[in-house]
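Student: sequence unknown, structure follows:
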């Protein structure tokens, strides 16, 4: 059994993130996403359920999430 899981992202989104982090100190999209998530968790404020639903809908509308 693996200690890792897989999260699927649309290629277009990953390409956009790769372009965004090109001049940043991240070796991969995975490192960048992990950094963002850990930073968000550590800030402790988080987002409300309403904000999470709105964000999810925006990502679906943009085609990044099915």
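Tutor: Sure thing, it's come through. Computed from a predicted structure; not experimentally measured.
Student: C-alpha from now on. contacts and neighbour counts both.
Tutor: Will do.
Student: Show me what the one helix or strand residue 52 maps to is packed up against.
Tutor: Assigned by DSSP states H and E, residue 52 falls within helix 49-61. If you count contacts as 3 or more CA pairs under 8 Å, 6 or more residues apart in numbering; DSSP states H and E, helix 49-61 packs onto no helix or strand.
Student: Okay, now the unreliable bits of the chain?
Tutor: Across the chain, the ranges flagged by pLDDT under 70 are 1, 44-46, 65-66.
Student: element containing the residue nearest the centre of it, please.
Tutor: Centroid check for the chain by CA atoms, centre = their mean gives residue 33 as the closest residue, at 4.9 Å. Here residue 33, judged by DSSP H and E, is contained in helix 29-43.
Student: What are the buried residues along that helix?
Tutor: Within helix 29-43, the residues scored as buried using 16 or more other CA atoms under 10 Å are 29, 32.
Student: ok, residues contacting that helix?
Tutor: The contact list for helix 29-43 (CA atoms under 8 Å, 6 or more residues apart in numbering) reads 14, 17, 18, 21, 26, 46.
Student: Now the residues you listed in JSON lines, please, with extra columns for secondary structure and neighbour count.
Tutor: Listed next are the contacts of helix 29-43 as JSON lines, based on DSSP: H, G, I helix; E, B strand; the rest coil; neighbours: other CA atoms under 10 Å:
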{"residue": "14", "secondary structure": "helix", "neighbour count": "16"}
{"residue": "17", "secondary structure": "helix", "neighbour count": "16"}
{"residue": "18", "secondary structure": "helix", "neighbour count": "17"}
{"residue": "21", "secondary structure": "coil", "neighbour count": "14"}
{"residue": "26", "secondary structure": "coil", "neighbour count": "14"}
{"residue": "46", "secondary structure": "coil", "neighbour count": "11"}
